[in-house]
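Student: I'll drop the sequence and a predicted model, then ask my questions.
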Amino acid sequence: MIEINILRKRLERFHKRRVLTKIIIFYFGGLFLILLILCGVYLSNKLIILQDKENMDKLRADIRKDEELVEMVKKFHDECDVLCKNISLYKDEINSRVVWYDKLSLISNCLPSGMYLNRISFKESGSQEKKKVIIIDGYVSPIVENPRKTLSSFVQNIKRDGGSLIDKITLTQINNVKTEEEVVYFVFECSLK
């Protein structure tokens, strides 16, 4: 019986050790599992934070781009305001000035051969309507046989082609000057519409 008691004590110690070992294994295993879960949570939170930081940086870059666009739009808006003021000034100015391109083009296209211009000028008539008048000063070459026919041809061409620009054309002065040959000098006044 002594042997059995010894075995029993050994068995009890063995069971105690085994239980203690299991408890320690479960304790440290549980602790390790908890630490593993906490590390997983920590790493997943770190990844989420990094992704959020990247998204925030992208949003900041987009905001900077949008701010630049807004600044450009404000700048263009200010420039448009200045341009609109300039356009209204130019509209007022163009109404008070004569646009020469179409008038000069018409006059040059209507000139018959042998007829030359010395000067084209502009004046406003003294009447209450303040009509604009173009004064055409020139001469007919001595080579031309019939200078009066050339002047008449010029007037007819102006009336035919310049109906939308010129209201009436009048010959205000004509001079025959004899130097070596006879040269006919003329002055026309064209009232603009």
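Tutor: Okay, I see it.
Student: just give me the residue right at the centre of this structure.
Tutor: When Cα atoms, centre = their mean is applied to the chain, the residue found nearest the centroid is Phe76 (8.0 Å).
Student: and that residue, what element?
Tutor: Assessed by DSSP states H and E, Phe76 sits inside helix 2-96.
Student: again with Arg160
Tutor: Secondary-structure assignment from DSSP H and E places Arg160 in helix 147-161.
Student: check Lys168 too.
Tutor: Under DSSP H and E, the secondary-structure element containing Lys168 is strand 166-178.
Student: list of residues touching that strand?
Tutor: 106, 131, 134, 151, 155, 158-159, 182-193 (Cβ atoms under 8 Å, 6 or more residues apart in numbering). In this view, the C-beta of every residue, glycine as well, is placed from N, C-alpha and C.
Student: other SSEs contacting whichever helix or strand comes after that strand?
Tutor: Taking DSSP H and E as the definition, the helix or strand that follows strand 166-178 towards the C-terminus is strand 182-192. The helices and strands touching strand 182-192, judged by 3 or more Cβ pairs under 8 Å, 6 or more residues apart in numbering; DSSP states H and E, are strand 132-140, helix 147-161, strand 166-178.
Student: highest average neighbour count across the ones you listed?
Tutor: Neighbour counts (mean count of other Cβ atoms under 10 Å) averaged over each of the helices and strands packed on strand 182-192 peak at strand 132-140, with a mean of 19.
Student: got the angle between it and strand 182-192?
Tutor: Between the axis of strand 132-140 and that of strand 182-192 there is an angle of 160 degrees, by axes from the mean of the first three to the mean of the last three Cα atoms, to 10 degrees.
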